[in-house]
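Undergrad: Predicted structure and sequence below. I'll ask about it afterward.
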Amino acid sequence: MMIPGFYPVFKRDMTRHFRFKDQLFTSMLHPVLWLVLFGFAMAGTFERLLQASVPPAGLVVVNYLTFMCPGMIAATIMFANLYGGFSVLFDKNWGILREILASPMPRRDLIIGIILSAITKSLIQTVIIIVLGMILGVSTFAGQSPLGIIISIAGIILFIGAFSAAVLCVSLYMAFTTSSPEGYQGITTILSMPLFFASNSLYPGEGLPPGIKELALINPLTHLTNGLRFFTIGDHFTALGLAFSYTPVEIAISFLYLVCLALILFWVTLRTINRAIIT
Amino acid sequence: MDDIILNVSHFSYAYGDMKAVSDISFQVRKGEIFSFLGPNGAGKSTVINSLITLLPLQSGTVTIAGYDLGSERSRVRESIGIVFQQITLDKDMTVRETLDFHGDIYRMSHEEKTTRIRELLRLVELEEKADTLVNNLSGGMKRRLEIARGLMTRPRVLFLDEPTIGLDPQTRQKTWDYLRSVNQEGTTIFMTTHYMDEADLLSDHIALIDHGTIIVHGTPEELKESLGNDVIYLETSDNTTAQQILTGLSGIREMSRYEGKLMIISEQDGTRLLPDIMRYLGEHAISVLAVNLKKPSMDDVFMHYTGTEMRD
């Protein structure tokens, strides 16, 4: 059997991920805290403010926590992947990147291996949020048939895969082009702000002011959140007194957008890494 | 020639406008240990980093194990092993995983890897540490692991950049032993060093490099013999005048001054020259404070050709 070229990089990253219990534990605690602290706090606030509002008739009413859950998944994955290149920065400055770059392994395989391990970690975090959310009263996959649930899970995996790959490429690009952990963290933090706040993952996109609203439209986090809401809640529902509807075409466009973004960012990152000189 | 495994011809490298290496050529024979000896900043690392493909080949022609460094980089990468100057290990992997990962990225088969790892752990005496995290190894063990990793793929040439930098004397000695046994098993070794003892003890051939050019090369014996029979170091009350006075005294091949000493290289037997020197200086009222006479060492070769003590 031919072992794919990216496999050693993937294996190493996963081994490290599961080896150190403190790192593993914090990566699992991260989504839990998002959901429990932020989710509950926002849910409580919104539900008090909206007590008097009458939801639009004829739609499935979902509570705020259910509405928030896909956004929490999206946010967790975004932060995890945005910092996902950090280990490569360490490899570059103090580690085995020289060994890899001087080996016959194509640099393409380095990126693919890290992307695949990032997607795997993201999916683990997603499972944690979904399971914990269900325990805490989030109605995930409500009203879906077993086949529908399988399709939904496949959809979630595809959306997370494309999104994680795109964000991780940005993170890898920065790991290769910045020289210090401080520089890397500074840029990452600045990037995370518009990604996180100019999106519909925390609140409905309709309420955003002009400018930010347009920003949200091209924000990959918005498209990931759309996809996750579509697959976990449904195509028509109401939350916070607002009606939400997603058509399959809109969801397909969101997915294509994420895939295109991932491919472009992969190409840019590969070009950078192919030209990188590290001695 | 068939037995040339590394052929470097008119190699130059510049960082922007700054020329680091200019037009050097040399050849390494199959099975030998070849050392690049030179002070820090002489251009050693630039040469080795270019040879191991971490830096692009800017100008010149290089063939390694029959492959052209400019156009067959993948082939070159498959044919060489590398021990980098700084420790380049993943501290979060075990010794065995480190070697296994290396075998994987060079696409070795599972059986091949397993056999090779067993052999190499025995060679560098890390069998008992196989499942220890790299983080928990001593500096010397890490170096040994890196040497084992460099040998994982049975490379035609093993490149080592300052193999014993930062190691204590015992560990250096041990590392030399490993390198010798690796070489005896047939691996050609190319290394850079700024330690003269290391170059002297290990190498079959040494190229002395400074300011980006090869100043002299040969076997350690040739280099030392090129200096003459004996080296005499004098400390006198006035080295400048002493040098002027001694100019013209027969039996002196060469004189130079540095760090308060006068270095005299004798034409023939230094023990017969020394009394003449002492008498001559005495006649000119220059008092001699200290005398040292010895066979030329690599240090003397180095100082003779570079005109400086080691720079850091």
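TA: Arrived safely, thanks for sending. Numbering: from 1, shown residues only, chains lettered A, B, ... in the order given.
Undergrad: For residue A:277, which three-state class applies?
TA: Put simply, residue A:277 is coil when judged by DSSP: H, G, I helix; E, B strand; the rest coil.
Undergrad: ok, the closest residue in space to it that isn't next to it in sequence to residue A:176 distance?
TA: Spatially, and ignoring its direct neighbours in sequence, residue A:277 is nearest to residue B:55 (6.3 Å; Cβ to Cβ, 6 or more residues apart in numbering or on different chains). C-beta here means a position set from N, CA and C on the backbone, and glycine is covered the same way. The spacing between residue B:55 and residue A:176, counted by Cβ to Cβ, to the nearest Å, is 16 Å.
Undergrad: can you check residue A:11 too?
TA: 22 Å.
Undergrad: ok, now residue B:165?
TA: Residue B:165 sits 27 Å away from residue A:176, going by Cβ to Cβ.
Undergrad: between these two, which one's more packed in?
TA: Each of residue B:165 and residue A:176 has its neighbours counted (other Cβ atoms under 10 Å in any protein chain shown); residue A:176 has more, 18 against 15.
Undergrad: Could you report the pLDDT at the more buried one?
TA: Reported pLDDT at residue A:176 in the predicted model: 93.
Undergrad: and it, what is it in contact with?
TA: Counting by Cβ atoms under 8 Å, 6 or more residues apart in numbering or on different chains, residue A:176 makes contact with A:88, A:92, A:269, A:272, A:273, A:276.
Undergrad: do the same with residue B:85
TA: Per Cβ under 8 Å, 6+ apart, neighbours of residue B:85: B:45, B:161, B:162, B:165.
Undergrad: quick check, nearest of the residues you listed to chain A?
TA: residue B:45 (7.4 Å; Cβ to the nearest Cβ).
Undergrad: thought that closest one was touching residue B:194?
TA: No - using Cβ atoms under 8 Å as the test, residue B:45 is too far from residue B:194 to be in contact (10.4 Å).
Undergrad: Could you find the closest non-adjacent residue to the one residue in the stretch 1-150 of chain A that gets nearest to chain B?
TA: Closest contact between the stretch 1-150 of chain A and chain B, by Cβ to the nearest Cβ, is at residue A:8 (3.5 Å). Of all residues not flanking residue A:8 in the chain, residue B:104 sits nearest, at 3.5 Å (Cβ to Cβ, 6+ apart).
Undergrad: Compute the number of surrounding residues for that neighbour.
TA: 21.
Undergrad: What helix or strand is it located in?
TA: helix B:95-105 (DSSP states H and E).
Undergrad: which is the next helix or strand following that helix?
TA: Once helix B:95-105 ends, the next helix or strand along the chain (criterion: DSSP H and E) is helix B:110-123.
Undergrad: Can you give me the buried ones in that next one?
TA: Residues of helix B:110-123 classed as buried by neighbour count (16 or more other Cβ atoms under 10 Å in any protein chain shown): B:113, B:116, B:117, B:120, B:121, B:123.
Undergrad: give me the number of residues near the residue lying closest to the third one once chain neighbours are set aside?
TA: Translated: residue B:117. Spatial nearest neighbour of residue B:117, excluding adjacent residues (Cβ to Cβ, 6+ apart): residue B:99 at 4.8 Å. Neighbours of residue B:99 under the rule other Cβ under 10 Å: 24.
Undergrad: Identify the residues contacting residue B:99.
TA: Residue B:99 is in contact with B:113, B:116, B:117, B:120, B:121, B:145, B:148, B:149, B:152, counting by Cβ under 8 Å, 6+ apart.
Undergrad: Can you give me the pLDDT of it?
TA: In this model, residue B:99 carries a pLDDT of 97.
Undergrad: do you know how far it is from residue B:43?
TA: Taken as Cβ to Cβ, the span from residue B:99 to residue B:43 is 32 Å.
Undergrad: One more: residue B:219?
TA: The gap separating residue B:219 from residue B:43 is 22 Å, by Cβ to Cβ.
Undergrad: try residue B:250
TA: 39 Å.
Undergrad: Tell me which of those two has more neighbours.
TA: Between residue B:250 and residue B:43, residue B:43 has the larger neighbour count (other Cβ under 10 Å), namely 24 against 7.
Undergrad: my read: the more buried one touches residue B:20, true?
TA: Yes - with contact defined as Cβ under 8 Å, residue B:43 reaches residue B:20; the gap is 5.0 Å.
Undergrad: show me the contacts for whichever residue of chain B sits closest to chain A.
TA: Chain A sits closest to residue B:104 of chain B, with a gap of 3.5 Å, by Cβ to the nearest Cβ. When contacts are counted by Cβ under 8 Å, 6+ apart, residue B:104 touches A:3, A:7, A:8, A:11, B:113.
Undergrad: 10 Å - rerun?
TA: A:3, A:5, A:7, A:8, A:9, A:11, A:12, A:103, A:105, B:97, B:110, B:113 (Cβ atoms under 10 Å, 6 or more residues apart in numbering or on different chains).
Undergrad: how near is the second one to residue A:106?
TA: Between residue A:5 and residue A:106 the distance is 6 Å, computed by Cβ to Cβ.
Undergrad: any low-confidence regions in the stretch 1-150 of chain A?
TA: For the stretch 1-150 of chain A, the stretches flagged by pLDDT under 70 are A:1, A:52-58.
Undergrad: helix or strand for the residue nearest the centre of chain A, which one?
TA: Geometric centre of chain A, nearest residue: residue A:77, 3.2 Å, by Cα atoms, centre = their mean. Using DSSP H and E, residue A:77 maps to helix A:64-82.
Undergrad: ditto for residue B:23
TA: strand B:18-29.
Undergrad: what lines up beside that strand in the sheet?
TA: strand B:4-15 (antiparallel) (DSSP bridges).
Undergrad: Return the set of buried residues in the partner strand.
TA: Neighbour-count burial for strand B:4-15 flags B:5, B:6, B:7, B:8, B:11, B:12, B:13 (criterion: 16+ other Cβ under 10 Å).
Undergrad: Contacts only, for residue B:81.
TA: A:102, B:52, B:102, B:106, B:146-160, B:182, B:187, B:189.
Undergrad: Can I get the buried part of the residues you listed as one ChimeraX selection?
TA: Of these, the buried ones can be selected in ChimeraX as follows, counting by 16+ other Cβ under 10 Å:
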select /A:102 /B:52,102,106,146,147,148,149,150,151,152,153,155,156,157,158,159,160,182,187,189
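Undergrad: So which of the contacts of residue B:81 are in helices?
TA: Within the contacts of residue B:81, residues falling in helices by DSSP state H are B:102, B:146, B:147, B:148, B:149, B:150, B:151, B:182.
Undergrad: just how off-centre is the helix ranked longest in chain A within its chain?
TA: Taking DSSP H as the criterion, chain A has its longest helix at helix A:146-177. In terms of Cα atoms, centre = their mean, to the nearest Å, the gap separating the centre of helix A:146-177 from the centre of its chain is 6 Å.
Undergrad: next structured bit after it?
TA: As assigned by DSSP H and E, the chain's next helix or strand after helix A:146-177 is helix A:181-197.
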